[in-house]
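Participant: Sequence first, then the predicted structure, then my questions.
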Amino acid sequence: MNKGHKTGVWEYYGYTPSGEKVVVQRYDYDAGRLLYFRPGPDVTCHAELSPGQWSYVCPDQPPLFIGSDAALAEYTRRLVYPAEAVSRNIQGKVVVAFVIDTLGQTSNYHLVQRIGGGCDEEALRVARTLPAQWVPARLGSRAVAVEYELPLNFRLAQP
């Protein structure tokens with residue numbers, strides 16, 4: 001760290017289904033590039049293959065949040081349960097979609113799945129506040145814009 005900013009090469013860890021701790025990402029903050037990612041199951045993405053032409057594809061590298069899914073989950077825990085949803089006992093999953101462009105920038109936030117009670121607006125708020133830490137998806141050697149779907153769960157604590 002240098003003056004509060006990450007420098008050098010950082011490794012991020014996760015766990016396999018068997019519980020083994022493994023490196024899931026290696027990112028060079030000085031060069032601003034991904035050095036390694038551990039492939040997971042194949043992911044189908046809605047990608048812009050040429051300007052204005054979108055299609056579902058399985059990219060060679062999916063869009064990645066720098067720091068891994070665990071870091072992304074830390075940000076999504078910032079959901080504030082809306083009072084209306086609590087009073088009406090509303091629970092469920094809200095899905096927010098947004099575009100991650102070829103530079104890793106996000107835009108075009110919209111709701112794919114709603115549950116109401118103020119949860120939809122809260123999910124959009126949290127998604128829009130995620131840091132700009134995205135590595136774009138890749139098809140072969142080129143970056144492609146994709147529509148990313150972020151599920152956010154609202155669950156009331158059980159007494």
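Facilitator: That came in fine, so what should we check first? Numbering: from 1, shown residues only.

Participant: Show me the shaky parts of this protein.
Facilitator: 159 (pLDDT under 70).

Participant: can you give me the strands for it?
Facilitator: For the chain, the strands defined by DSSP state E occupy 9-15, 21-28, 33-37, 45-50, 53-57, 64-65, 92-100, 106-113, 134-135, 137-139, 142-154.

Participant: so can I have TSV of those strands showing distance to E122 and mean neighbour count?
Facilitator: All C-beta spots, glycine's among them, are computed from the backbone N, C-alpha and C. Below are the strands of the chain laid out as TSV (distance: least, CB to CB, whole Å; neighbours: other CB atoms under 10 Å):
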stretch	distance to E122	mean neighbour count
strand 9-15	27	14
strand 21-28	28	16
strand 33-37	30	14
strand 45-50	24	16
strand 53-57	28	12
strand 64-65	20	22
strand 92-100	8	19
strand 106-113	11	13
strand 134-135	22	20
strand 137-139	27	20
strand 142-154	8	18
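
Participant: could I get those strands as CSV with distance to A71?
Facilitator: Compiled in CSV, the strands of the chain are given as follows (distance: least, CB to CB, whole Å):
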stretch, distance to A71
strand 9-15, 7
strand 21-28, 9
strand 33-37, 13
strand 45-50, 20
strand 53-57, 25
strand 64-65, 6
strand 92-100, 15
strand 106-113, 15
strand 134-135, 11
strand 137-139, 18
strand 142-154, 13
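
Participant: I'd like to know which of the ones you listed lies nearest to T76.
Facilitator: Taking CB to CB, strand 142-154 is the member of these nearest to T76, at 5.7 Å.
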